[in-house]
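Asks: sequence first, then the predicted structure, then my questions.
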Amino acid sequence: ADALSIEVLVDWLARFAARVARDRVELTELDTAIGDGDHGANLARGTAAVADRSEHGDTVEAEAKSIGMTLVTTVGGASGPLFGTFFLRFGVAAGPVTSLDTRGVALALRAGLDGVVERGRAERGDKTLVDALAPAVDAFEERAAAGDDLDSCASAAREAARRGRDETAPLLARKGRASYLGERSIGHVDPGAQSTTYLFDALVDALRD
Ligand code: ADP
Ligand code: MG
Ligand code: MG
């Protein structure tokens, strides 16, 4: 696709929901190792609620805000407000338009990331979903600035998210429940970084079809 339309946005979230439903056990296992074991259930509940909405916004802003509000209100746990804030801010940055070009998506992703960082106060290297999200947004922006098309920007973001996810394993957690484990958090991938890779897998697929 050469633009992120409302339909693509809806499809992105539907694919994210399907992926979380399929791999929720993986998220549960990661969160059992360094958290309280509910990340799969939390995100499955939230993304299913998003996919089950009967009404959709008539602008990218309205639709993304509805997605964000649904995540904030249905996901218990730290990840709900964070993923929710990502989409709320994405929507604000998008504005009342019916589609975003590559540059518009880059700006919206950046605003979403900024919202997550403001809300959670995690820095890169704290072993959170920011370690996957921040490099993904950077990679998207870089490729967009170089004039690459939307699909290649999204693919670059997906690869960067995966690398960031992998890099959480050796880190000591400094935010969220995993930080209570101290040194024992070392050696495990962060669950939120893993689910963030699902988000970018879903974006690539939604743009492709
Ligand atoms: P909870 O930890 O409340 O049970 P979840 O298990 O759903 O919530 O989500 C845990 C994930 O949330 C972590 O793996 C981490 O990626 C993310 N997270 C937790 N706290 C923060 C924070 N302050 N900033 C960014 N991400 C965070
Ligand atoms: Mg948890
Ligand atoms: Mg919990």
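Replies: Structure received. Ligands and ions are numbered 1, 2, ... in the order given.
Asks: for Ala48, give me the pLDDT.
Replies: For Ala48, the model assigns a pLDDT of 98.
Asks: mind listing what it touches?
Replies: Contacts for Ala48 (C-beta atoms under 8 Å, 6 or more residues apart in numbering) come out as 17, 21. Every C-beta, even on glycine, is put in place using the N, C-alpha and C of the backbone.
Asks: that one: which element?
Replies: helix 39-51 (DSSP states H and E).
Asks: can I get the CA coordinates of that helix in PDB?
Replies: Provided in PDB are the C-alpha atoms of helix 39-51 (Å, rounded to 0.1, in the frame of the first residue of the first chain):
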ATOM      1  CA  HIS A  39       0.900 -10.500  29.500                       C
ATOM      2  CA  GLY A  40      -0.700 -12.900  27.000                       C
ATOM      3  CA  ALA A  41      -4.100 -12.700  28.700                       C
ATOM      4  CA  ASN A  42      -3.900  -8.900  29.100                       C
ATOM      5  CA  LEU A  43      -3.100  -8.200  25.500                       C
ATOM      6  CA  ALA A  44      -5.500 -10.900  24.200                       C
ATOM      7  CA  ARG A  45      -8.300  -9.300  26.100                       C
ATOM      8  CA  GLY A  46      -7.500  -5.800  24.900                       C
ATOM      9  CA  THR A  47      -6.800  -6.600  21.200                       C
ATOM     10  CA  ALA A  48      -9.900  -8.800  21.000                       C
ATOM     11  CA  ALA A  49     -12.000  -5.900  22.400                       C
ATOM     12  CA  VAL A  50     -10.400  -3.700  19.700                       C
ATOM     13  CA  ALA A  51     -11.200  -6.200  16.900                       C
END
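Asks: does it reach ligand 1?
Replies: Yes: counting by C-beta under 6 Å from any ligand atom, contacts between helix 39-51 and ligand 1 involve 39, 42.
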